[in-house]
Each structure stands twice: as C-alpha cells, then as structure tokens.
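Trainee: Have a look; sequence and predicted model below, questions after that.
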Protein chains: 4
Amino acid sequence: MVAVLKQGASKEQIENLIAWLENRGFRVHISTGEYQTILGLIGDTSKIDTELLESLEMVESVKRITEPFKSANRKFHPNDTVVDIGGVKIGGSNFQIIAGPCSVESPEQILAIAEKVSAAGAALLRGGAFKPRTSPYDFQGMGPDGIELLLEMKKKTGMPIVTEIMNTNHLPLFENIDVIQVGARNMQNFELLKELGMTRKPILLKRGLANTMKELLMSAEYIMAGGNSNIILCERGIRTFETYTRNTLDISAVPMLRELTHLPVIVDPSHAVGIARFVEPMSLSAVAAGADGLMIEVHNDPANALCDGAQSLTPEQFAVMAEKVRRVREALK
Amino acid sequence: MVAVLKQGASKEQIENLIAWLENRGFRVHISTGEYQTILGLIGDTSKIDTELLESLEMVESVKRITEPFKSANRKFHPNDTVVDIGGVKIGGSNFQIIAGPCSVESPEQILAIAEKVSAAGAALLRGGAFKPRTSPYDFQGMGPDGIELLLEMKKKTGMPIVTEIMNTNHLPLFENIDVIQVGARNMQNFELLKELGMTRKPILLKRGLANTMKELLMSAEYIMAGGNSNIILCERGIRTFETYTRNTLDISAVPMLRELTHLPVIVDPSHAVGIARFVEPMSLSAVAAGADGLMIEVHNDPANALCDGAQSLTPEQFAVMAEKVRRVREALK
Amino acid sequence: MVAVLKQGASKEQIENLIAWLENRGFRVHISTGEYQTILGLIGDTSKIDTELLESLEMVESVKRITEPFKSANRKFHPNDTVVDIGGVKIGGSNFQIIAGPCSVESPEQILAIAEKVSAAGAALLRGGAFKPRTSPYDFQGMGPDGIELLLEMKKKTGMPIVTEIMNTNHLPLFENIDVIQVGARNMQNFELLKELGMTRKPILLKRGLANTMKELLMSAEYIMAGGNSNIILCERGIRTFETYTRNTLDISAVPMLRELTHLPVIVDPSHAVGIARFVEPMSLSAVAAGADGLMIEVHNDPANALCDGAQSLTPEQFAVMAEKVRRVREALK
Amino acid sequence: MVAVLKQGASKEQIENLIAWLENRGFRVHISTGEYQTILGLIGDTSKIDTELLESLEMVESVKRITEPFKSANRKFHPNDTVVDIGGVKIGGSNFQIIAGPCSVESPEQILAIAEKVSAAGAALLRGGAFKPRTSPYDFQGMGPDGIELLLEMKKKTGMPIVTEIMNTNHLPLFENIDVIQVGARNMQNFELLKELGMTRKPILLKRGLANTMKELLMSAEYIMAGGNSNIILCERGIRTFETYTRNTLDISAVPMLRELTHLPVIVDPSHAVGIARFVEPMSLSAVAAGADGLMIEVHNDPANALCDGAQSLTPEQFAVMAEKVRRVREALK
C-alpha cells in the first residue's frame, strides 16, 4: 500500500503518521520527491481500512498495490480449486454445463427438460423457485413448493440441483439442494454471504450488474472468511450503455478471473444477452475464452414460459449448441 | 404498451396474438405501416410481463408507454406525501436535515454529535449499527449494541433515529427505531423490501449505485405493494467513469423524481462525493435543485472515525453549512 | 414512430398535431387509452427530428419503432456486403486477419513484422502513422513519413495497408492507402465521416469507447450518405466500470451487428483488453462469435515499442494464435 | 510514479530497470515488501509513457501519483485564470451567463433573443452555425452563412459571440468570433485541439459524454501545450444508465475541477438534462456549487426551433431564472 502525502505536510506530522503505522505492525519506506512525499507500507495491508487512512489530514491519497482479497487470490493459492458436487466436478480441467428452465413451473415441465438436457450433455439441473423480479407485479416463483419439486426431480433424474436463494430465512429449505445460487442483485448482500460462509455447500456466486471483478472477488472473500471455499464464480453480463442486448457479456472476465483466482469461472450467456438466438454464439465464445462451464436456460415451450422465455433455448437448440461446444473444446485441446 | 411485430408476421399469427391479448383484458389498436405492424395495448399494462410478450415468435419488440409503477406515481396521486416521524414532517413544504456519524462508536461520541447537530438545525439523528462493507476485514458495525445505544440517545436527545437494516432477521431490533434505512446495495433486496412493506415504519430508501430512477421507484413500489407508503427516497450518488469523486451525485434526479412521484426526495452528499470539503457545495446544490431534505455525515473526530471519516464534517463545519442552506432556501422562497 | 401525448392534451391540440404531421407526409393512427393517447406515425420517419416532435407542448414522449439508419440496415439490404481491398475480400464468407505494429517506427521494424504475420496468415498490414494519444507529451506518431514508409512496405510485401486518419487535411496523403481507419475517438467526428463518404476507399470504422451499436451504425450511415458503402465495422472494446482490463470487449456486438447490418464486422482484441496475454483468448472468442475478421497488434520487440507495447503479440505468439483461430473456424464449419 | 514489480523479478532485472530509469533522469526509491517490490520514481513523470513502462516484462503495474497535466494544474499555478473576452471577464470572481439559441436560424430570431437575454443579464451570445448531429438526415446548421449572421449580430448588439467549430478547415471563418467552442464529441479530436492551441482565442472546451475530469484536463493541456491558456471548461452532462434525463449533470465536477485547475469552470444545464423545465433548478444547483458561469439555450419559439427545442427556455423563462441565479449568488456571498 502506498500513501501519498499532501504537499504541505510538516516533518512532525509525517513522523507521527509513521509511528502510528509502525504501531499497527507495518514497516514504512519513505520516498521524498520534488512535489510529493510517498510512504510505502509493507505488511498485511488487507487488514487496514483504506478510507480511514485517507481521512487523515496530511494524506492526499492511498493506493493499494496488492489486492485486498487473500483467500480467493491465486497468488497465495496457485492450484485450481475443484468444486465437487456429489461427484460432478467443476474447475481444474473439469468443464460442466448447467441447464434448465428459468422458473420451476410443474413436474412435467422439469422432467421433460431434465431428460433432454441430460441426454445432450448437461450434468447439473437448474431451476428457479424464488425469483428476483424488478416489479412486485411480476411472477415471483413457486417458492417452497418449487424447492420440493426440484428435490423430487433430483431423485428421478439423479442430476444435482442448482437454485437461487434470496433470504437467509430460507436456508433450511436448501438443505438438500446441491448448489446454492446467489443472484446478481444479491452479490453484495453481505449478510447472506456471511451465512453461506457458515455452510459447506457449493455456492454459485453471480457477478452484480455493475460490479467489478475485484468486488466479485471480495464477495467470494466474504464466503471464504466463514470457511467455505466451494465457490463457483459466474459472469452473467454487466450493465453498459448498450440497449440492443439486455446486458453486455464481459468475455474478458473469463481469462482475467482465472488468472486472479483459483476458483472456477463459468458463464451464463442467457441472462447476459437476453435473446435466445445469441445464446449459442455467446456460449461458444465463453468456451473459446477458457470458461470452466456454462449455465444455460432451456425451456420446452419458451413462448409460454412464466419468466425469461425470450432468452430460453428449446431442448433441441440446446443439443445443437452442446455439440458445437464439444467441437470447439476439442479444437482447442 | 406498444408491441412491434416482425416483418414476416402472417395475418393468422396477428389475429391469434390479438385474441390472446384481448383474453387478458386488453383492448388492441392496430397500425399497419409500410415496414411494420404495431399493436397498441390499452388496459392495465403494469400487470403484463414485457419479456413474456417479447418472447413470442412474431413480436420484434415491446415498448412501455406508461410507467410500470402505480402506487408511487404522481399521475395517480398528485398530492405530495408527507412522512410524519414522531411529529417531524418531511415532504410537501417540510424540509429536514438528518445528521450524525457513519457508525455508532460510543455514547460519548453520539451524544456530543447529537447535541451539536441539533443546535445547528438537524431534526433527525443518523448512525450506523450494521454496516455494509465491501471487505469482510473492515469494521462491520457495533450490531445490536449499536441499536441499543441509538435508542438511549433518542431518549436523551429527543431526536428521532435513522439507521440501516441489512437483514430481515434483525427487524425485531428495529421496533423503536423511527426511520429504517435501506442501503444502496440492498435497493433490490426484494425480500427485505417485502418485509418492510408489511410494517408501517417510515423507510428511507437509497438509490442503488448503478440503478435508474425507474428501478428506484419500482423498489418503492415493492414496499407500497405491502401497504406501507411512508417512504423517503434518497439520491446518494451513482457509479460513473469518474474516479476523482467516489460517486457522481445525480442532481437532476431531484426535480425529476419530484415530478415522477409524490414521495419526498432527499440527498446524501456525503456518500455521493466521499470528500468532506465538497459536502457543503453539494448540499447547497441539492437545496437549490429542490430537495426535501439532506442526510449528512458528521463526526466529532473524523480522522479517528471507524468508518467513512474521509467524508464526515465536523460539527462546526456542519453548522456553517446548515446556515448557508438556510440562506439559499430563503433566497429561493 | 410513436408519439405519446400528455394527459391534458385537448381535442383541438391533437387535431392540429395530426394535421401538422399529415402535412409532412405521414399517415397517423390514433389509440385512445384510459390514461394516454398514442399516435402511430406511418411513413419515412428517418427524416423526422425526434427532438423537434418531443418539444411540442402536448407531446410527452416519442419512441422510434424502426431504426433511424437505412443504408446500413440489413432489413433493406439483406445480402452481406463484401469489401474488396485490392483483391483481398472481407465479409460474406470471407474472413481476414489484419496485423502489424501500433506505430510505424522504421523500415526494418515493419518489414520484419510484415513478413512474419503474412507467413502466419495475415492478409492485411496495419501500422499507425498518426496516433491519437490522450497526452500531448506522448509520442504522436511519425506522421507523413510514416505514411510513406507504409507505402514502401506495400510495394515490398504486396500486402494492402490499413492506417488511421485523424484530420481531413491529411486526406491527400492517404491516396494510395488501401483501408482508411477511423479511430474510436473520431467515431462521431462527423466532418471527417462526411469527407470519407465522398471517397470510394474502404473505411475501417471503429466503435467509440462509450457508444452504442446504434450510434456506430449512424456513423456508418454518415459515410454511406455520401455514397461510400465500403465500410468495415470494428468492435474494439467499450468503457465500463471494470479496471482490470483496459476496456471491455463487447462480444455480443458481433452477432447483433451482423444481424442489424449487412456490413462486415471485425474485432480488435488488442485495444479491447490492452494486455498481450489475453489477446489470444479474446481472438478465439471473436471467431467463435462469428466475426468476419480480426485486427491484431504485433511487434517484434514489444518491450521497446514506442506505443501500446503492453498489448502487442510477438510474431511467434501471433503465429500460434492464428493457428488456433484456424482450428476454431474449422470446428464451427 | 510508482512501479510495482512482478513477484519473480530477479535482482539483475531490477538493477537493469533502475539503470534504465536513471538514464531517463529519474531518481528511484526501492521498497522491498513480503510479496512485492515497489519502485518510486522521482522526477518529471508527465514525460514518461505509462504504458511503455507497464509493457516491460518484470513490471506488474504502474500507478501515477501526480497528475499527468502540468499547465492546467492548480498546484503549479495557484491563481485563478481570468479569461478576458473583449472586456467581458470570466473566472476569478467574475461570473457570466452565455445565452442564445441552439442553432442560428435567421437575423430576426437571433436579434429578438439577443436583446432579451442581454436585458436579463446574459453577457455573451451563443448560437450554432455548424451542428454535430447523430444522424446525417438531421439539420446540420446554416454553416458559413450562420457565422456571418452571428458576426452581424455582434455588431448590432455588442455582445461577444460563442459558437462551435467542427473542422480545422473552418478556422479562417472564426477569425472574428470571440469564443470558439469545442463540442463534447470533439473533446478528444486532438488535431483540432492542437490547431486551437496555435491561436490565442478563448476556447470553450466541453467535457465529453463519457470522459473523466482527468481526460478533460488532458485535452485542455493539448491546447495549452500550443501556448493558448484562454480556456473555459464546461460541464455539460455525462452519459449514465439513467434514461429519464438525456444525460446526467455531474455537479460535483464543479468544485472538483475548481480545485484541480486554475481555469474557469462553467455549466451547460440545457444539454445536460435536455428538458426545458429542469434547466432552472440545474442552473441554480450549478451556481450553488460554485460555477464561474452558465451556458443556457434560449429560443423565442422552442416548439418550432430547428434543433434542441425541447431543452430551450423562452426569453421570459430565462429572465426568471437569471433573477433567481442572482438571488442565490447574493445569498452565498
């Protein structure tokens, strides 16, 4: 960490500051320039509050040199984390596709989709029971009944289940769910992250719509601080000025996150673009960029889906896409 | 609501669509252009899911003409909502200043600040007990002890208390708190909004860092859908590409929100700019733009504040600012 | 185009407005709703100024239904445009790689790079003579000498040349240049676009850092309005809140632009991410997304390049990348 | 400037790098931390290319500590620059209002507006002859005839004239224009900036729609590098995700720019919000924030203006606003 001092800082102020910092366990290097004095802080700076330091009178600005995340940082944990979901592995050299409908609607719907996506190569089944909707007047999901239905489907198909949590109160309902998803709008719901850190469940953590990779990793750090490092990061599109697509898939986040962290990184192209016919090219892009997996919305009857039909593939389209994904992965071996 | 059909849509497809819409209670007007057919939907379109409609095969795009918020909409409720907080009124022609420290630290701290800001004209006391921090390693607030301390201060000073909630589980702790604040990162924590809608407490709802005014109003709508219309909206800066200020205060949100909704609109310049010496000019701007109130961070010893010291005014600076606010309000009468 | 009228608009005002619109050659459809009256305008609405219409007293808002671009619009020109650059074709099913250094530095440098990228499969040679730099103190390019050097290299290697123009005054210098590049910061330099529309040169038009696809297409429209439709669009990353990468490559722009327009669409991953080691995964992504070509910075000695060395591949890295590009294209045939 | 070295950097590499930097005239301080070695560079770092340094193999990242702008920097020029426009002064304690129509349309129009805004307190007359429009099909301004008309009006009214340049070729036409405006879309048209730096004309430099304050100051630096320091900076709204207003007025840019630079800072609320009824509150905000001036669009018949009618005040509305501006300035004395 580097602290730039104000031009007028007196010798005494500087000495007091250095003493204060040394008391907190840092070694301090001083560079005295023509216009500016710079202090270099050596020690575990993830423990210091940047804003506190910046608020001191003689300090002009503070710049972090090392990242504020430790547990999620590949520098300190060079090997890939492999998340094991009842035998289905993701991360390292293990690539997986999660597929299923936006919302759970009925047993017939889920079963029909599950069988087809499984046959086409998906290893995990997704489906929403609690749905975060911008409007209170939109369909809010089946709730606890939806969770029960998903658990039935798990028994019938043997596929591990991925579904979203929105409230710490609901945690008991998720006891037999295999992967708990934290949605984009809850990425900085720190109370939720803390409670998930207390579990040992695999967590699928989605990047917020206007959040940076550093913030995503800090949210992962919240979960890891509780002792749970079974985390799958998910790039799902960020908000930009573009309006022709719902969001903008940040494809460069894939190689960048894989370099910054040891956690697996998957891509959700369905929410990123919001348009079914672009899900295939975006999936292929994600694979070409090195993603550890994909999460794809599939619906047997998109036109009558209760939510997000516009971005759902039919099982047939999904099968075509999955085959192309396989071919691109083969080509890049 | 207007639905634009695809160029190739057949007559039969169009007739089926119109029948489907009429079944849902809409009247439908058809405009047949050279390149495009447009359907105008008349009826309560806040009840229809835009994405569902857009997912239909023959539909190219859907555009809302009326706003999707009803309860918060000034069109249907032309009179200003006045929120009454134990006799302190905000909204209509009632202007109020909320002041206090970022975090509750000790009884001495709070009391010292409360007395001074009250003398300078603040009517409500703020202080954080639960703090949303980007890093799990930063100070997380005093928690329940902080709430207790605030309630003691309420007794001593008579000032109503504003403090932030982060978890629906904590709601019982807030029973005697006067105004419950929903922070920017929880603006779309829909589960929290729903539970607050069940109370009749005044809610201070902050705009999210990358959220639009429409989304803010939809979040207010979530609370109002539960029957609670005691809502104060708060503009607190949005995320932009600018890095010299922490966030960018969206000053035009003040007159725009006051036109769109009947709810009172206040401004938090402290979080918006994040730099103490700019809090005064931003406060004056907010007042000049027509805000119904201000929320200001004040700390007796900003350099040693446990959080956000960089943006806190001293009580003396606050008093100077409050006097200028009074003069600008006087000038614009 | 749809005009939404204000609630209080009188019958007479509406009749006057309709007469005014009909005088301008539009047919007008009226939909009278509970809260709102909507006018549908049928006719060539690309000729009407939306803001003029919106400024009328009884009009609340105006929404375009059809896109404001005509010449660039695939709806009216369904077949792919193929740009022919001295026999090198791009667009349709023709895929090309443009490669070369950020800045022209010396004949030895260019020649060394040109021979190697050509051998590895690049068909066009890029090199900057006029460089747009944020700081007046940074290297501004070799200027006219750089252009001369590029033309020499064209003779020696036979490769068509792509280079950037920054000033309409320089146009005579570009007479023998094969493709004139318009940089991101000049995408809305309308005077430059107009003059390039008067030529029949192939133009490589880069998307601005904070511009939408619609704005990119409107800028293409400026060139096409002059009669020049030899335009190659280039996605080169947009500005977002992310700071780990220089810009964010908008990969979904590739399939979206290819649907919206008949013009070829290429990707410049070097400028998008700004980090050499991510150029390969981003190139493969672009190809997987369906791009018509790539533009790649290659330098024989990136550490000593006079500009943008941080994002340049060595010729050896380029050759590896080009081979993988070939394999992905093969896999997706 | 601080250079952070990669973890694996060898002693020899570090010594070579230090020698290389010392050759370029820098003194170098070394801080060796547990995880990272940091070099502090002392000297005129505005002359070094950050990206060149970052491209070196052993360098992980480079952070500027001092701003890259020198001539515009208040640190080196603490006194306010006062721009003198034929006797009308702006900057220091001199506040001015520039008013007039978006586009010059006819002598009658300009004269009618000029007389009224002058009577209400505007000291400078604005009017566009060359108009940057997103669409080639929109009105592009009267061109040279418009400039002539403005010069006639200058003679008749005695008001100095502000008008926009879009092409360096047009510079001779601007010989008798008092203030040359550089529009937002040309803020990084570096060729134009360089040529304006060669003149001694007052330049009104507008901030780009998605540009930071640092970039604005670097563009001012381009003009100042040519020897022209008669520059007025103008905040005119930036692009954000908000769509209810055309752009978002960055009100905190006013005090921040006034601290960073000695150049005068004015605000254009008309373009920022794009809605006439919000121009008054935004003007008052700008004044409360400490702006050195305002630029306001005024049209005698907004509904029939050839451009931007939606954001123009009538002369009567302007007079009301100007009176309130006077009162707020009085209150804050």
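Mentor: Here it is on my side, so go on.
Trainee: What residues does chain A have near chain D?
Mentor: A:2, A:4, A:7, A:29-36, A:38, A:40, A:42-43, A:61, A:63, A:65-66, A:75, A:210, A:239, A:241 (CB under 8 Å from any CB of the partner chain). Heads up, the C-betas are built off the backbone N, CA and C, glycines and all.
Trainee: Show the buried residues in those.
Mentor: A:2, A:4, A:29, A:31, A:33, A:36, A:38, A:40, A:42-43, A:63, A:65-66, A:210, A:239, A:241 (16 or more other CB atoms under 10 Å in any protein chain shown).
Trainee: can you name the two of those that are farthest apart?
Mentor: Largest separation among these by CB to CB: A:29 and A:241, giving 42.3 Å.
Trainee: Could you chop chain A up by domain?
Mentor: For chain A, automatic domain parsing gives the domain ranges A:2-63, A:83-331.
Trainee: Could you list the low-confidence segments of chain A?
Mentor: A:33-35, A:46-47, A:55, A:303-309 (pLDDT under 70).
Trainee: ok, which stretches of it are strands?
Mentor: A:2-5, A:27-32, A:37-42, A:59-63, A:83-85, A:88-90, A:96-100, A:124-126, A:161-165, A:179-182, A:203-206, A:231-235, A:265-267, A:293-297 (DSSP state E).
Trainee: What strands flank the third one, and is each parallel or antiparallel?
Mentor: For strand A:37-42, sheet partners with direction are given as strand A:2-5 (antiparallel), strand A:27-32 (antiparallel), following DSSP bridges.
Trainee: closest one to residue D:90 among these?
Mentor: The nearest among the strands paired with strand A:37-42, by CB to CB, is strand A:2-5 at 32.5 Å.
Trainee: if we can go back for a sec, any chance of the strands paired with strand A:37-42 in a markdown table, plus distance to residue D:54?
Mentor: Converted to a markdown table, these look like this (distance: least, CB to CB, whole Å):
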| stretch | distance to residue D:54 |
| --- | --- |
| strand A:2-5 | 16 |
| strand A:27-32 | 19 |
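Trainee: Which among those is found nearest to residue B:158?
Mentor: strand A:2-5 (42.0 Å).
Trainee: So residue A:92 is in contact with residue A:80, correct?
Mentor: Yes - Residue A:92 is in contact with residue A:80 according to CB atoms under 8 Å; the separation is 4.3 Å.
Trainee: Quickly list what's touching both of these two.
Mentor: residue A:264 (CB atoms under 8 Å, 6 or more residues apart in numbering or on different chains).
Trainee: Just say which of the domains of chain A is most tucked in.
Mentor: By mean neighbour count, with neighbours taken as mean count of other CB atoms under 10 Å in any protein chain shown, domain A:83-331 ranks first of the domains of chain A at a mean of 22.
Trainee: Just the terminal-to-terminal distance for it.
Mentor: End-to-end distance for domain A:83-331, by CA to CA, to the nearest Å: 25 Å.
Trainee: cool, stretch A:270-277 as well?
Mentor: Using CA to CA, the end-to-end distance of stretch A:270-277 comes out at 10 Å.
Trainee: which residues sit against that stretch?
Mentor: For stretch A:270-277, the surrounding residues in contact (CB under 8 Å, 6+ apart) are A:184, A:235-237, A:245-249, A:279, A:282, A:295-297, A:302, A:308, A:310-313, A:317, B:51, B:55, C:252, C:255.
Trainee: Next: stretch A:193-203.
Mentor: Contacts for stretch A:193-203 (CB under 8 Å, 6+ apart): A:83-85, A:165, A:168, A:171, A:174, A:177-182, A:219, A:222-228, A:230-232, B:136.
Trainee: Output it in PDB, but only the C-alpha positions, please.
Mentor: This file holds the C-alpha atoms of stretch A:193-203, laid out as PDB (Å, rounded to 0.1, in the frame of the first residue of the first chain):
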ATOM      1  CA  LEU A 193     -22.800 -14.100   2.100                       C
ATOM      2  CA  LYS A 194     -21.800 -14.400   5.700                       C
ATOM      3  CA  GLU A 195     -24.400 -17.100   6.400                       C
ATOM      4  CA  LEU A 196     -23.500 -19.000   3.300                       C
ATOM      5  CA  GLY A 197     -19.900 -18.900   4.500                       C
ATOM      6  CA  MET A 198     -21.000 -20.900   7.600                       C
ATOM      7  CA  THR A 199     -22.300 -23.700   5.400                       C
ATOM      8  CA  ARG A 200     -20.100 -26.100   3.400                       C
ATOM      9  CA  LYS A 201     -22.400 -26.100   0.400                       C
ATOM     10  CA  PRO A 202     -21.200 -25.300  -3.100                       C
ATOM     11  CA  ILE A 203     -22.100 -21.700  -3.900                       C
END
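Trainee: and the closest residue to residue A:173 other than its chain neighbours, what is it in contact with?
Mentor: Excluding the flanking residues, the one nearest residue A:173 by CB to CB, 6 or more residues apart in numbering or on different chains is residue A:147, at 5.0 Å. For residue A:147, the contact set (CB under 8 Å, 6+ apart) comprises A:129, A:163, A:173, A:174, A:177.
Trainee: Look up how far residue A:268 lies from residue A:147.
Mentor: Between residue A:147 and residue A:268 the distance is 21 Å, computed by CB to CB, to the nearest Å.
Trainee: Could you list the residues of the stretch 101-250 of chain A in contact with chain B?
Mentor: Within the stretch 101-250 of chain A, the residues that sit near chain B (CB under 8 Å from any CB) are A:132-139, A:166-169, A:185-186, A:188-191, A:194, A:209-210, A:215, A:218, A:221-222, A:225, A:239.
Trainee: any bit of the lengthiest helix in chain A sitting next to chain B?
Mentor: As assigned by DSSP state H, the longest helix anywhere in chain A is helix A:315-331. No - Helix A:315-331 stays clear of chain B (CB under 8 Å from any CB), getting no nearer than 13.5 Å.
Trainee: Hmm, residue A:312 and residue A:102 touching each other?
Mentor: Yes - under the criterion of CB under 8 Å, residue A:102 makes contact with residue A:312 at 6.6 Å.
Trainee: Can you give me the end-to-end span of stretch A:234-251?
Mentor: 11 Å.
Trainee: Also stretch A:122-142?
Mentor: 24 Å.
Trainee: Next: stretch A:169-182.
Mentor: Start-to-end span of stretch A:169-182 (CA to CA) is 14 Å.
Trainee: now do stretch A:168-182
Mentor: Stretch A:168-182 has an end-to-end distance of 11 Å (CA to CA).
Trainee: what's in contact with that stretch?
Mentor: So stretch A:168-182 is contacted by A:85-86, A:124, A:126, A:130, A:144, A:147, A:150-151, A:154, A:160-165, A:189, A:191-193, A:195-196, A:199, A:201-206, A:219, A:232, B:167-169, B:191 (CB under 8 Å, 6+ apart).
Trainee: how far out from the middle of the chain is it?
Mentor: Distance of stretch A:168-182 from the chain centroid (CA atoms, centre = their mean, to the nearest Å) equals 17 Å.
Trainee: which one is the residue of the stretch 1-150 of chain A found nearest chain C nearest to, not counting chain neighbours?
Mentor: Nearest to chain C, among the residues of the stretch 1-150 of chain A, is residue A:67, at 9.8 Å (CB to the nearest CB). Excluding the flanking residues, the one nearest residue A:67 by CB to CB, 6+ apart is residue A:73, at 5.9 Å.
Trainee: Ok, residue A:59 next?
Mentor: Counting by CB to CB, 6+ apart, the residue nearest residue A:59 is residue A:3, at 5.5 Å.
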